[in-house]
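**Q** Show me how the following folds:
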Amino acid sequence: MGADLYFLFAKALGMLISPSALFITAVAVGFMLLFTRFGARWGRRLIGASLLGYALVAVLPFGGWALGILEDRFPAQQSMAEPVTGIIVLGGSFDTVTTRERAQVSLGGSAERLTEFMRLARVYPQAKLIFSGGNGRVFDTKPTEAEVARMFFTEVGFDVSRVQFEDRSRNTAESARLSFEQIAPQADEHWLLITSARHMP
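**A** Model prediction:
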């Protein structure tokens with residue numbers, strides 16, 4: 001129950017603090033202030049500032065700059081501790097809804113996780129392989145990313161029999177917990193984690 005409440009709270013908070021939601025809220029508040037005796041001036045200022053901010057965000061690559069700062073904090077790993085016991089790749093690479101509607105695998109914006117996963121699987125043929133990803137949607141929860149990943153690996157000719165699939169996680173925290181429970185790693189084992197650098201914090 002606690003995990004479910006946290007998941008729903010995180011989803012709701014994410015929608016409320018998204019730039020588009022903040023912009024709409026600011027314009028709506030400004031519009032309402034226009035009809036008050038003492039707030040009309042502040043209403044015009046709020047609407048003007050909101051429109052200016054929206055225009056700047058739309059024109060300037062603020063998102064890319066912010067992601068770049070996070071990505072640069074965690075450089076790509078060049079050397080691995082030997083021996084490598086296993087490799088875990090986190091979900092986030094598939095568009096599950098489009099995959100279902102089009103009946104073909106649809107990749108998202110983090111497809112490099114999959115290519116790196118397959119590359120490392122060839123470099124370390126004895127390593128255990130884990131794909132961790134359920135579905136992070138509140139309502140439209142089928143198929144899971146694990147199901148789509150199985151389709152993808154099969155279609156590209158990757159040996160699916162090597163991969164264990166964790167299909168219940170809805171976010172990164174659950175991926176960590178459920179993958180840990182599934183593989184039960186020992187203290188002296190070395191596992192590689194594949195995810196986007198911006199997610200590391």
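**Q** give me the number of residues near residue 28?
**A** 13 (other C-beta atoms under 10 Å). In short, each C-beta sits where N, CA and C put it, glycine included.
**Q** Quick check: which helices or strands does whichever strand or helix holds it pack against?
**A** Assigned by DSSP states H and E, residue 28 belongs to helix 19-33. Here helix 19-33 touches helix 40-59, going by 3 or more C-beta pairs under 8 Å, 6 or more residues apart in numbering; DSSP states H and E.
**Q** List the buried residues in the very next helix or strand once past the helix it packs on.
**A** As assigned by DSSP H and E, the chain's next helix or strand after helix 40-59 is helix 62-72. For helix 62-72, a neighbour-count test (16 or more other C-beta atoms under 10 Å) marks residue 71 as buried.
**Q** Parallel or antiparallel, which strands does the helix or strand just after helix 62-72 pair with?
**A** Later in the chain than helix 62-72, the nearest helix or strand by DSSP H and E is strand 86-90. Applying DSSP bridges to the sheet, strand 86-90 is found paired with strand 128-132 (parallel), strand 191-194 (parallel).
**Q** confidence score at residue 144?
**A** Per-residue pLDDT puts residue 144 at 91.
**Q** Quick one: classify the residue of the chain most remote from its centre as helix, strand or coil.
**A** For the chain, the residue at maximal distance from the C-alpha centroid (C-alpha atoms, centre = their mean) is residue 37, at 45.8 Å. Secondary structure for residue 37, judged by DSSP: H, G, I helix; E, B strand; the rest coil, is coil.
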